[in-house]
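Visitor: This is the structure alone, sequence omitted:
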DNA sequence: CAGGCTTATGCTCACGGGAAGCATAATAGG
DNA sequence: CCTATTATGCTTCCCGTGAGCATAAGCCTG
């Protein structure tokens, strides 16, 4: 690993995208293969950079520019036989934010609610019944089945922290850890345990795409706490309640309304459009727009949302 | 980017490591080429995974295990001619934490203070003279030289935020943004501007290695605020002042002593070894060791250091 | 048209954590 | 014994956050 170009291995590179949109009801993700895979494809020599290849492709499908793109993680697949010899694939995953628009027909692309794949991540209506009824007991059983007391204790501790059991607080950023625990415990179909084994609710995906999606969820949930990225998902004008609903949909938790407004107001993230909207049957709400100026003012500094910092 | 294995491009993959150690005086980084480059090398087919290749190599040189390894960023180099055809190199950079130990002779590896490359990042003694005397004026001139008022304003704003000018607070996590500004403004040798142009102080590195190092610094400075990673850099037993000095060396700022201790104590990150040490000429200090148990207890949860969260 | 329902907004209060500083203890060196 | 230096305990002020109370302003129903 010192001298420059020694016997380098022949490799292929693949880009995988977690493209997120959102409405008040739920975050949405762009999928292919009838909802069973994330959009992905080879990194080609024509691409100027990793990111530009990804951008061009996604924008073509969604007909909307990706407002925000961020690298998630890079990993090397296990060896795969190609033709006669060995070749490894390096997969580079990205998180992108967009506005939902009809997908181009014939591409197999479609938008899906992300809680379809992770029902246990949605705590807006309180703890989902499936956690207490199935996931928690199954994970406890798995923890108890470990060899040796220290392994058992460690597993039990990880489960408690990740799922907020035993008086631990729920931390919405741990979506990846939760998926990994379920995988290790053989509670998701992707783990390929003996057929017939009971699995946690939630639609599976091909390969490790659900794992990548969990990574994207975790990253986005962490990011909205200190960067004004939610607005990439909002329409040009919106009410404060709509904004709150979208944040809640992403975070999977409910927020205190007055405090949410106070925080948004104090940071001057939005400005009034001047118009009002009355479509909810209640008092009409003012419409706001994102203050684009904050992107410059705080290009690198932060913002805050009323979600407790990750413990 | 839909169908699996279309015309994939032939690629090479390279691993680049930012390996950090630290003492009370300054953080140290592992370099090669007489301090002019970061250790790097091809990703070989023998490696089980990206990370394991990196680990093995570094541990061989430093004779110490890497306690903590984290991926930084992946990027694709511009096309490079290899033999007759085109080949692109994908570079995957990593941050690793280690304890400093003599490097194996003959490898060209050596440890260097990281402030040697980034003198402007060290504010432990207050704002370095070079910022006010040279960097700030040069960046202001660069901002004013932009075409168009909005570009000028944007540049001035970026400079002010990154370097804490105009009553902005200094944010130690912005080391990458600071380096990028200096690069854009042609104030570092790597930018390859017309020779003879005045440059900011600080030793340059080959290729884009100083940029990668800046990325590693930013990541580490952010990380120590919510994960107990500092202890990877500490000897088995240490005084609280030593711990504080190391944190200060990494963050490049001074901390309030009493508050630092209170925070460490409250989180139960350390436990007394029982012995004392008197080598400073003052009252003898108690020796502490890291409570390894917190790695399990808070495998995914956090810790806090008395560094203001990134605004 | 009154009353009820729903959503929007303003304001208060208590609590906890963080920033800064005061005060005291314990050692080495002249 | 006095001074310099470092260790440690405690207090005080301030501000952000969490949680609610109260009121405004529409729509809908009987």
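Guide: Looks like it came in fine. The structure presented is a predicted model; accordingly, all values stated were derived computationally and were not measured.

Visitor: Of all residues in the stretch 1-150 of chain A, which one is closest to DNA strand C?
Guide: residue A:24 (10.9 Å; CB to the nearest atom of the strand). Just so you know, the C-beta spots here come from the backbone N, C-alpha and C atoms, and that holds for glycine as well.

Visitor: What of chain A?
Guide: For chain A, CB to the nearest atom of the strand, closest residue to DNA strand C: residue A:282, 1.7 Å.

Visitor: separation between that residue and chain B?
Guide: Separation of residue A:282 from chain B (CB to the nearest CB, to the nearest Å): 36 Å.

Visitor: Which positions in stretch A:49-56 come out as buried?
Guide: By 16 or more other CB atoms under 10 Å in any protein chain shown, the buried positions in stretch A:49-56 come out as A:50-51, A:53-55.

Visitor: Any residue of that stretch touching chain B?
Guide: Yes: interface with chain B: stretch A:49-56 contributes A:49-50, A:53 (CB under 8 Å from any CB of the partner chain).

Visitor: Secondary structure class of residue A:107, three-state.
Guide: Look at residue A:107: counting by DSSP: H, G, I helix; E, B strand; the rest coil, its state is coil.

Visitor: where's it relative to residue A:128, distance?
Guide: Distance from residue A:107 to residue A:128, counting by CB to CB, to the nearest Å: 33 Å.

Visitor: Ok, residue A:52 next?
Guide: For residue A:52, the distance to residue A:128 (CB to CB) stands at 40 Å.

Visitor: Just the buried residues of stretch A:252-268, please?
Guide: For stretch A:252-268, using 16+ other CB under 10 Å, the buried residues are A:252-253, A:255, A:260-261, A:263-264, A:267.

Visitor: any chance of these in CSV, plus distance to residue B:244?
Guide: Shown next, in CSV, are the buried residues of stretch A:252-268 (distance: CB to CB, whole Å):
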residue, distance to residue B:244
A:252, 38
A:253, 36
A:255, 37
A:260, 37
A:261, 40
A:263, 32
A:264, 37
A:267, 32
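
Visitor: From the residues you listed, list the ones also adjacent to DNA strand D.
Guide: Near DNA strand D, judged by CB under 7 Å from any atom of the strand, the entries from those are residue A:263.

Visitor: I figured residue A:221 hits residue A:173, correct?
Guide: Yes: Residue A:221 is in contact with residue A:173 according to CB atoms under 8 Å; the separation is 5.0 Å.

Visitor: any idea how far residue A:58 is from residue A:52?
Guide: From residue A:58 to residue A:52 the distance is 11 Å (CB to CB).

Visitor: can you check residue A:297 too?
Guide: From residue A:297 over to residue A:52 (counting by CB to CB), the distance is 27 Å.

Visitor: coming back round to it: just the buried residues of stretch A:49-56: which are in helices?
Guide: Taking DSSP state H as the definition of helices, these contribute A:50-51, A:53-55.

Visitor: Does residue A:13 touch residue A:93 like I think?
Guide: No: Residue A:13 is not in contact with residue A:93 according to CB under 8 Å; the separation is 11.6 Å.

Visitor: More neighbours: residue A:107 and residue A:128, which one.
Guide: residue A:128 (19 against 12; other CB atoms under 10 Å in any protein chain shown).

Visitor: Any regions of chain A where pLDDT drops low?
Guide: For chain A, the stretches flagged by pLDDT under 70 are A:1-10, A:45-46, A:62, A:77-86, A:194-196, A:298-311.

Visitor: Work out which residue lies at the spatial centre of it.
Guide: What sits nearest the mean C-alpha location of chain A, by CA atoms, centre = their mean, is residue A:217, with 1.9 Å.

Visitor: quick one: residue A:64 is in a strand?
Guide: No: counting by three-state DSSP, residue A:64 is not found in a strand; it is coil.

Visitor: And it, its phi and psi?
Guide: phi -140, psi 140 (degrees, to the nearest 10).

Visitor: Run the chain-centre distance for whichever strand or helix holds residue A:41.
Guide: Element membership for residue A:41 (DSSP states H and E) is strand A:40-42. Using CA atoms, centre = their mean, to the nearest Å, the mean C-alpha position of strand A:40-42 is found 19 Å from that of the whole chain.

Visitor: which residues does residue A:64 contact?
Guide: Going by CB atoms under 8 Å, 6 or more residues apart in numbering or on different chains, residue A:64 touches A:98-99, A:101.

Visitor: what about it, distance to residue A:23?
Guide: Taking CB to CB, one finds residue A:64 at 14 Å from residue A:23.

Visitor: for residue A:233, same thing?
Guide: 9 Å.

Visitor: So which of those two has more stuff around it?
Guide: More crowded of residue A:233 and residue A:23, by other CB under 10 Å: residue A:233, with 25 against 18.

Visitor: check contacts around the nearest residue to that one once chain neighbours are set aside.
Guide: Of all residues beyond its chain neighbours, the one nearest residue A:233 is residue A:22 (4.3 Å), with distances taken as CB to CB, 6 or more residues apart in numbering or on different chains. Counting by CB under 8 Å, 6+ apart, residue A:22 makes contact with A:28, A:100, A:233, A:246, A:249-250.

Visitor: could you redo the last one with a cut-off of 10 Å?
Guide: The contact partners of residue A:22, taken as CB atoms under 10 Å, 6 or more residues apart in numbering or on different chains, are A:28-29, A:97-100, A:114, A:220, A:230, A:232-234, A:245-247, A:249-250.

Visitor: Next, the residue lying closest to residue A:217 once chain neighbours are set aside: secondary structure please.
Guide: Excluding the flanking residues, the one nearest residue A:217 by CB to CB, 6+ apart is residue A:175, at 4.5 Å. Taking three-state DSSP as the rule, one finds residue A:175 in the helix state.

Visitor: I'd say residue A:175 and residue A:219 touch.
Guide: Yes: counting by CB atoms under 10 Å, residue A:175 touches residue A:219, with 9.4 Å between them.

Visitor: So for these two, which residue has more residues nearby?
Guide: residue A:175 (25 against 20).

Visitor: who touches that one in this structure?
Guide: Counted by CB under 10 Å, 6+ apart, residue A:175 has contacts A:114, A:118, A:120-121, A:162, A:213-222, A:252.
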